[in-house]
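1. here is my input, please return the structure:
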Amino acid sequence: MSLEIETVEDGVVIPVKVVPGASRDQVAGPLGSDLKIRVRAAAEAGKANRAVCDLLARHLDISPRNVRVIDGHHHPRKRILARQIDEEQVRRRLGCPDATA
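-> Numbering: from 1, shown residues only. Just a heads-up that it's a prediction; the model follows:
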């Protein structure tokens, strides 16, 4: 199965599975249709959500203000909006090839 990135008007929506409280921050790669991300931050007071957005911004080489959680704020499975980037750039920068590739 391939990472299911959705193209929207101002960017893309990336489905993620977050593992908070990990030993290190890491984009682990595709996990089914989601992108598995491990963060050291705890799942309290939005700390893990902020860590996920910051980590994705670094990997995608975009400003952290262009990355935000749009669904799943209190759950491990989230939908992340990354603005000012397209699906091809996301796949290339995360090393997640398209299913048709």
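2. distance between stretch 92-101 and the chain's centre?
-> Its chain's average C-alpha position is 14 Å from that of stretch 92-101, according to C-alpha atoms, centre = their mean, to the nearest Å.
3. now swap in stretch 80-91 and tell me
-> Put simply, stretch 80-91 sits 10 Å off its chain's centre (C-alpha atoms, centre = their mean).
4. cool, and stretch 29-43?
-> 7 Å.
5. start to end distance for stretch 39-49?
-> Here the two ends of stretch 39-49 are set 9 Å apart, with distance taken as C-alpha to C-alpha, to the nearest Å.
6. would you mark the buried spots in that stretch?
-> Buried residues in stretch 39-49, counted by 16 or more other C-beta atoms under 10 Å: V39, A41, A43, A48, N49. Every residue, glycine included, has its C-beta placed from N, CA and C.
7. so for it, what's the average pLDDT?
-> For stretch 39-49, the mean pLDDT works out to 95.
8. D71 touches N49, doesn't it?
-> No. D71 lies out of contact with N49 (C-beta atoms under 8 Å); the separation is 11.3 Å.
9. now for those two: what residues contact both?
-> Both D71 and N49 are in contact with K78, where contact means C-beta atoms under 8 Å, 6 or more residues apart in numbering.
10. what's the closest of the buried residues of stretch 39-49 to D10?
-> Of all the buried residues of stretch 39-49, D10 sits closest to N49, with 19.8 Å by C-beta to C-beta.
11. what about the closest one, which helix or strand?
-> Per DSSP states H and E: N49 is located in helix 47-60.
12. from the middle of its chain, how far away would that helix be?
-> On C-alpha atoms, centre = their mean, the centre of helix 47-60 falls 7 Å from the chain's centre.
13. point out where the protein drops to low pLDDT.
-> Residue ranges of the chain with pLDDT under 70: 1, 99-101.
14. show me the helices in the protein, by range?
-> 47-60, 87-94 (DSSP state H).
15. nearest to I62, of the buried residues of stretch 39-49?
-> Closest to I62, out of all of the buried residues of stretch 39-49 and judged by C-beta to C-beta, is N49, at 16.9 Å.
16. which residues does the closest residue to that closest one other than its chain neighbours contact?
-> Spatial nearest neighbour of N49, chain neighbours left out: V69 (5.0 Å); criterion: C-beta to C-beta, 6 or more residues apart in numbering. V69 makes contacts with N49, V52, C53, K78, R79, I80, L81, as judged by C-beta under 8 Å, 6+ apart.
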